[in-house]
Structure formats: C-alpha cells, structure tokens
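>>> After the sequence you'll find the predicted model.
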Amino acid sequence: MSPELDDDLASRFQQMIGILRWAIELGRIDIINKDSHLSSHNASPRAGHLEAAFQVFEYLDAHNNGGRVIFDSTQVDVDESRFPDVNWNEIYGDIEEEIPPSMPSPQGNPVRISMFCDAVHAGNIVTRRSHTGILFFINNAPIHWYSKKQATVEASTFGSEFVALRIGVEMNEGIRYKLRIMGVPIDGPTDGYCDNDSVVSNASKIESTLKKKHLSICYHLVRESCAKRSIRITYEPTESNLADTCTKVLPPPEKKRKLIHIIYYNKYISHIILHIVIQVQDEYLNYRNRGLTEIYCKDEIIHEYDMIYPMYTTDV
C-alpha cells in the first residue's frame, strides 16, 4: 500500500479530479468510469491514486481525437415488438404521469428519450458495493451520463441491477418534467434498456412476483412508472448495452465499438483541455523525477475493482 499524500499533494489530487469532472461534462464520457473510481478516494488519497490520476491525463493526451457530444436529431428507429403493451390498471389503478401545472404549449418536433442502464455487482472488493452506470439519449444524442458507486451492498446481481434501474427511473422522471417545462414535446414513454433478464421480467410483466422483500421499493417504483407510461423496459444484451462504458473497464476494441455510438471522434481537441493536459503532464514528469512515488496503480486501483484489463490503455 502506498503512503498517504501530504496536504499539498492531496489538494492537487482533488483539483485534478475536479478538472476531469469538468472534461467529462464537456463530453469526455470515455473517462467517466475512471474518474468515478478515483473520486471515492478524495477524502484520503494515496500516492497510487495520484499516479492513476496522472495516467488519466496521459490517456487524454494520447487520445486527443476528442470525443465531442453532437446533437443528432435523427429519430430513433425502435422495434415496437420489443415492448409489449401491458395493462397495469388492476394493480396500480388509473394513474397518470405528473405534468407541470403551468408548462408552455409544446413546440417543434417531438423527441424520443432512451435510457441504457447497467450495474457491476460487488465491483469494489474492499466494500463489495456495486457500481451504477446510466446513459440518457434524446433521439440519437446523449444528454445525461452517470457513473457512481451504489450506497448499499447487494447480495446478488439481480439486486444491484434493480437498484441501478430504480436510479435510472428516478432520473427519467426529472428529465421528462424538465423537458415539458421548456416546451419540448415528448414522443411516448422513455425506452429503457437493461441487460438483466430477471429485472426486465419483474419490471415489465404484470404476472411477475418479487421474491426479495428488501427490494420491494425498487420493484414498485419501477413498475408504477411503467404503469404511468413514463417508461417501458426491455432486455438489451450486454454486447450492445452502451451503459457498459460507465461501469466496466472494457477491452480496447469493445470500448471503441461502444463509444462511437455515444460520442463523436474527430482530430481536434478543445484547446482549453489540451492546455491543461500539457500542463499536468509537465507536473507529472517533475513529480516522478523528484522520486516521490512508484507505480502503485496496479495494486491499489486495478485490483481493488477487479479490473482485468489495463485501466488506461493507449490502444483505443
């Protein structure tokens, strides 16, 4: 285990995490999982964590083809047969989605919302907490991305996936409400995609019963949202679940294959981000030359989260 950082280096680590969060908000979704893991050590970072943070900046410099979020207004081609119509009235009654009381008249073309949801069960071997990843799209454009460690320990993959789906459903309610306040017309319920078949069955089939009592709140919250027609859930294979990029360290070919459906690669990177990356790189070289650290990243970062592949690869 590497030594704890002194106050100055710990403050620098926290600043670097903030810079990375800013880059993610600007569209660098490809580093959201790494930054999320490192952020959990903000309170008491060690030398290995600082080393890993420097390596994220090295990754950004090696992959300076950017990663821009482009608003693609093309309508999504949805296979309606994947979403069977279910009558929930006999369980939840005739409930309706909450509509803003003073919303403006919708203008323009209606948009379709899609949500990809995923969870890594017990990914943190220290606390055995799972990790949630969620991606929202309006038409073909990503508008919201989320990667965070869950607040509780779940005993099964089913539990961690259901908690992740519940978080996604709550986000969906807020996004739909905000769009209506801004006068954006919404075309039907949100299309939710989850790669756990048991969770999908419990969320979308009226005859399905829950056998895990401690998940009953997630169970009824998701099903009630389906009954309100604010969302509908279907199964999406792991191979095509785009939320994997927010939860797992993927092999380079698979990572790139999924990222090209989320962000737009080009040969230019923001001049502001590039300036910061170069500045941090110079700081990293000085840091290493002073002999303040060794390579602790392998033991403290990769193994801590059961990562099979190198955390910051240069092959993507």
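Alright, I've got the coordinates.
>>> Count the residues that sit near Arg229.
Arg229 has 14 neighbours, counted by other C-beta atoms under 10 Å. Yep, even glycine has a C-beta here, placed from its N, CA and C like the rest.
>>> give me phi/psi at Arg46?
Backbone torsions of Arg46, given as degrees, to the nearest 10, read phi -120, psi 170.
>>> That one and Asp6 touch, don't they?
No - contact between Arg46 and Asp6 fails when scored by C-beta atoms under 8 Å: they sit 11.2 Å apart.
>>> neighbour count winner among these two?
Applying other C-beta under 10 Å to Arg46 and Asp6 shows that Arg46 carries more neighbours, namely 20 against 10.
>>> Report the mean confidence score over the helix or strand containing Met16.
Per DSSP states H and E, Met16 falls inside helix 7-25. Over the span of helix 7-25, the pLDDT mean works out to 94.
>>> do stretch 76-89 as well
Across stretch 76-89, pLDDT averages out at 92.
>>> buried ones in that stretch?
Neighbour-count burial for stretch 76-89 flags Phe83, Trp88 (criterion: 16 or more other C-beta atoms under 10 Å).
>>> ok, now stretch 156-175?
157-169, 171-173, 175.
>>> Give me the distance between it and the centre of its chain.
Relative to its parent chain, stretch 156-175 has a centroid offset of 12 Å by C-alpha atoms, centre = their mean, to the nearest Å.
>>> So which residues of the protein form strands?
Ranges of strands in the chain, per DSSP state E, are 66-68, 113-120, 131-138, 141-149, 190-194, 231-235, 264-265.
>>> Each with direction, which strands does the second one pair with?
Think strand 113-120. Using DSSP bridges, strand 113-120 pairs in its sheet with strand 131-138 (antiparallel), strand 190-194 (parallel).
>>> Out of those, flag the one nearest Ile181.
The closest of the strands paired with strand 113-120 to Ile181 is strand 131-138. By C-beta to C-beta, the value is 14.9 Å.
>>> the helices in the stretch 151-300 of the chain, which residues?
With DSSP state H, counting those that start in this stretch, the ranges of helices along the stretch 151-300 of the chain come out as 157-181, 197-204, 216-227, 252-259, 271-289, 297.
>>> Looking at these, which one is packed in the most?
Mean neighbours per residue, mean count of other C-beta atoms under 10 Å, is largest over the helices of the stretch 151-300 of the chain for helix 297, with a mean of 23.
>>> Tell me what Thr234 is bridged to.
Tyr193.
>>> that older thread, can I get the strands of the chain in CSV with mean pLDDT, distance to Ser204 and mean neighbour count?
As requested, the strands of the chain are exported to CSV (pLDDT from 0 to 100; distance: least, C-beta to C-beta, whole Å; neighbours: other C-beta atoms under 10 Å):
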stretch, mean pLDDT, distance to Ser204, mean neighbour count
strand 66-68, 63, 33, 19
strand 113-120, 97, 13, 26
strand 131-138, 96, 18, 24
strand 141-149, 95, 22, 18
strand 190-194, 97, 9, 25
strand 231-235, 97, 5, 21
strand 264-265, 59, 32, 14
